[in-house]
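1. quick one, structure for this:
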Amino acid sequence: MITYLSILRGVNVGGHKRIRMAELKELYESLNLGYVKTFIQSGNVVFQYKDMDPLELAAKIKNKIKEVFGFDVAVFIRTKEDFQKIIEKNPFKDDEVNKLYVTFLSEKPITLPITEIERIKDESEKFIISGKEIYLFIPNGYGRTKLSNDFFEKKLEVSATTRNWKTVNKLFEIADN
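-> Predicted coordinates:
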């Protein structure tokens, strides 16, 4: 069995796309996913399943959410090993942990408009695009940056969702137990 981590985009934000984590856990279990653990209310789930293409697995979960809850939500899947590499490759290890974020992308972007991203970001902000992740250092708070999920989705033409560094590490900790 492979340990996977799934991250849902836009669940329980601003009263929209509401899913109780107990219901989400039941949904995952109904798909025969094992060792299902949720973390906080934003749609973070650790589970085990047979070796399967992550995009197919994400589609399976997305379709079941649509069937049960009646709305679409982007589902991002990474393995425990992927998360370990994400943590190890953090280019901002020397920066303040509470100002670090990872934006997860649905796929590796084809175009990288670095100059456009540089132009819109605050001068104190830093970012590194690495495969299907973007590492962010946002000293003035994620709520104030223009480097949002919507911005990256438009510029990179992929789906995106962001988690703070503490959540990334906690999800890996849950997956590693």
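2. parallel or antiparallel, list what pairs with the host helix or strand of Gln48.
-> Here Gln48 sits within strand 44-49, counting by DSSP states H and E. If you go by DSSP bridges, strand 44-49 pairs up with strand 2-8 (antiparallel), strand 34-39 (antiparallel).
3. okay, the ones you listed, which one's buried deepest?
-> Among these, the stretch with the highest mean neighbour count (mean count of other CB atoms under 10 Å) is strand 2-8, at a mean of 22. Just so you know, the C-beta spots here come from the backbone N, C-alpha and C atoms, and that holds for glycine as well.
4. of all the strands paired with strand 44-49, which lies closest to Ser106?
-> Closest to Ser106 of those is strand 2-8 (CB to CB; 10.6 Å).
5. isn't Lys62 right up against Asp72?
-> Yes: Lys62 lies in contact with Asp72 (CB atoms under 8 Å); the separation is 7.0 Å.
6. give me the more crowded residue out of the two.
-> Counted by other CB atoms under 10 Å, Lys62 and Asp72 do not tie: Lys62 has more neighbours, with 16 against 13.
7. mind checking which of the strands paired with strand 44-49 is nearest Lys17?
-> strand 2-8 (8.4 Å).
8. ok, back up a step: in the strand holding Gln48, which residues are buried?
-> 44-47, 49 (16 or more other CB atoms under 10 Å).
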